[in-house]
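1. next input, structure requested:
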Amino acid sequence: METISSVESTLAEKIAGAVDFHGHLGPFLVIGVRMGIIGIREIGLRDNNYGKLRVTAHLKYSIPISCTLDGLQATTKCTIGNQKLKLIDSPNIAAKFTLPNGKEVTIEINSITYNKLKSQLLSEKNSPKEVEHLAQLIASMPEEDLFIIRKNF
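-> Numbering: from 1, shown residues only. Below you'll find the model as predicted:
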């Protein structure tokens, strides 16, 4: 079982990799990273064996919300290019993780938490420092406050 510090360092490593991929740190990138980590864990993938994983993202294809996609791509290796990541336009923010054996896990942003943060997250007036602060807030938020996890197995 992982300790809190190893979970935090894994999250920090994944976020750093996603920032390298995406180009900057932002809250929706972190949401995607956290969704990816949780989805992989909950569906039971081990040893970076992502080959059969498919992800369907349900979100608005509009910046900054669409930055969630890069967090998902960086953590799951499911990308638009390799056609293992699909996008469905939706007013919600969720990701469904699927394996060929029928196992599915859906990670959805908790609407109560999201509605509390929405005006800050979507503000076009945020400075780069404020955007990074929001990303840190999302990174440190308890999983159960930020997400709703549904398994179908």
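
2. show me what the longest helix anywhere in the chain is packed up against.
-> As assigned by DSSP state H, the longest helix anywhere in the chain is helix 4-22. When contacts are defined as 3 or more C-beta pairs under 8 Å, 6 or more residues apart in numbering; DSSP states H and E, helix 4-22 packs onto helix 27-43, helix 67-76, helix 128-140. Placement of C-beta: from N, CA and C, glycine included.

3. so which of those helices comes closest to residue 105?
-> Between residue 105 and the helices and strands packed on helix 4-22, the tightest spacing by C-beta to C-beta is seen for helix 27-43, at 4.4 Å.

4. what's the following helix or strand after the closest one?
-> Downstream of helix 27-43, the next assigned helix or strand under DSSP states H and E is strand 54-59.

5. list the buried residues for the longest helix of the chain?
-> 11, 14, 15, 18, 19, 22 (16 or more other C-beta atoms under 10 Å).

6. how about stretch 131-138?
-> 131, 134, 135, 138.

7. cool, stretch 91-105 as well?
-> Here stretch 91-105 shows 93, 94, 95, 96, 97, 98, 103, 104, 105 as buried, counting by 16+ other C-beta under 10 Å.

8. got the CA coordinates for it in CSV?
-> Only the C-alpha atoms of stretch 91-105 are listed here, as CSV (Å, rounded to 0.1, in the frame of the first residue of the first chain):
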residue,chain,number,x,y,z
PRO,A,91,-21.5,20.5,-20.1
ASN,A,92,-20.0,18.2,-17.4
ILE,A,93,-16.4,17.1,-16.8
ALA,A,94,-15.9,13.4,-16.6
ALA,A,95,-13.8,10.6,-18.0
LYS,A,96,-14.8,7.0,-18.6
PHE,A,97,-12.0,4.4,-18.5
THR,A,98,-12.8,1.1,-20.3
LEU,A,99,-11.1,-2.2,-20.8
PRO,A,100,-12.0,-4.9,-23.4
ASN,A,101,-13.2,-7.2,-20.6
GLY,A,102,-16.1,-4.8,-19.9
LYS,A,103,-14.6,-3.2,-16.8
GLU,A,104,-15.5,0.5,-16.7
VAL,A,105,-14.8,3.3,-14.3
